[in-house]
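> 3D model of this:
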Amino acid sequence: MEIIFITIPVTLLFIAAGVAIFFWANKGGQFDDLDSPAHRILFDEDDSPAQEKTKAEAVEEQKESKDTTQ
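Down below sits the predicted model:
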């Protein structure tokens, strides 16, 4: 019977921590958009990976075009 005096406060602390974490996550925007990430997998990208340019290649081309125009 004495163990109840320990388990009830510990349980209440766990519940309070869970509620606090939930409200913290809700305030941080974790639950704003739950549908878009799940639907994003269904749509194909416009360019195939072989045709895509990496950011580094695109930046290099821009630098080269600026050098040739000057």
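> Look at the most centrally placed residue in the chain and give its secondary structure.
Residue closest to the mean C-alpha point of the chain, counted by CA atoms, centre = their mean, is residue 30 at 8.1 Å. Secondary structure, DSSP: H, G, I helix; E, B strand; the rest coil: residue 30 is coil.
> could you point out the longest helix in the protein?
Taking DSSP state H as the criterion, the chain has its longest helix at helix 4-27.
> Pull the residues that contact that helix.
Residues outside helix 4-27 that contact it (CB atoms under 8 Å, 6 or more residues apart in numbering): residue 31. From N, CA and C alone the C-beta is placed, and that goes for glycine too.
> if I look at the residue nearest to the centre of the chain, how far off is residue 64?
43 Å (CB to CB, to the nearest Å).
> try residue 6
Counting by CB to CB, the separation of residue 6 from residue 64 is 72 Å.
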